[in-house]
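**Student:** Based on what follows, work out the 3D shape:
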Amino acid sequence: MAHRQRKPADSDSAQDRANKTCASCGRRIEWRAKWADNWDSVKYCSTACRGNGVTATDLRLEASIATLLRARAKDATICPSEAAKAVGGEGWNELLEPARRAARRMVARGELQITQGGAVVDPSTAKGAIRLRRPR
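**Tutor:** This is a model prediction of the structure:
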């Protein structure tokens, strides 16, 4: 017997599925058939993200990114490590990945862009060194 996939009730559901981002890591949430009945309540892309959630440190990193960008020229960029250093002091290295997650959440809200080599990249798939800038 062939496996049947559930189809969205209307065309707007397919659009909603494509644009949902994780509340913790800011990556695009890939739709899964097991979530079909409760898609509207899905907030996290994985068990790990559900366990991490968004902490006070994450919120401080977001604020730090926004403050650093406001202090620069409109077309200037920053590295996520600058926000990690501002929040974490000597232990900033542990905050590098949380700073990248904070940046992805901000991209999902339309507050900034992530670039590589000067070009805007998809935050869900970007690997390697990134820069952050205000949207143009």
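**Student:** Give me the distance between the nearest residue to Pro80 once chain neighbours are set aside and Ile114.
**Tutor:** Distance criterion C-beta to C-beta, 6 or more residues apart in numbering; nearest residue to Pro80, sequence neighbours excluded, is Ala99 at 3.9 Å. Quick note: C-beta positions are derived from backbone N, CA and C, even for glycine. To Ile114, Ala99 is 12 Å away according to C-beta to C-beta, to the nearest Å.
**Student:** where along the protein do the strands fall?
**Tutor:** 77-78, 113-116, 119-120, 131-133 (DSSP state E).
**Student:** just so I know, which of these lies nearest Asn93?
**Tutor:** Nearest of the strands of the chain to Asn93, taken as C-beta to C-beta: strand 77-78 at 16.9 Å.
**Student:** Which pLDDT value goes with Ala63?
**Tutor:** We note a pLDDT of 96 for Ala63 in this prediction.
**Student:** Equivalent analysis for Asp10, please.
**Tutor:** So, for Asp10, pLDDT stands at 47.
**Student:** Looking at Ala99 and Ile114, which is more packed in?
**Tutor:** Ala99 (27 against 22; other C-beta atoms under 10 Å).
**Student:** Contact partners for the closest residue to Thr67 other than its chain neighbours?
**Tutor:** Once flanking residues are discounted, Thr67 sits nearest to Ala86: 7.8 Å by C-beta to C-beta, 6+ apart. Residues in contact with Ala86 (C-beta atoms under 8 Å, 6 or more residues apart in numbering) are Ser64, Thr67, Leu68.
**Student:** One more: Trp92?
**Tutor:** Ser81, Ala84, Lys85.
**Student:** mind checking how far Ala48 is from Cys22?
**Tutor:** From Ala48 to Cys22 the distance is 10 Å (C-beta to C-beta).
**Student:** Just want to know which of those two has more residues nearby.
**Tutor:** Using other C-beta under 10 Å, the more surrounded residue of Ala48 and Cys22 is Cys22, with 22 against 10.
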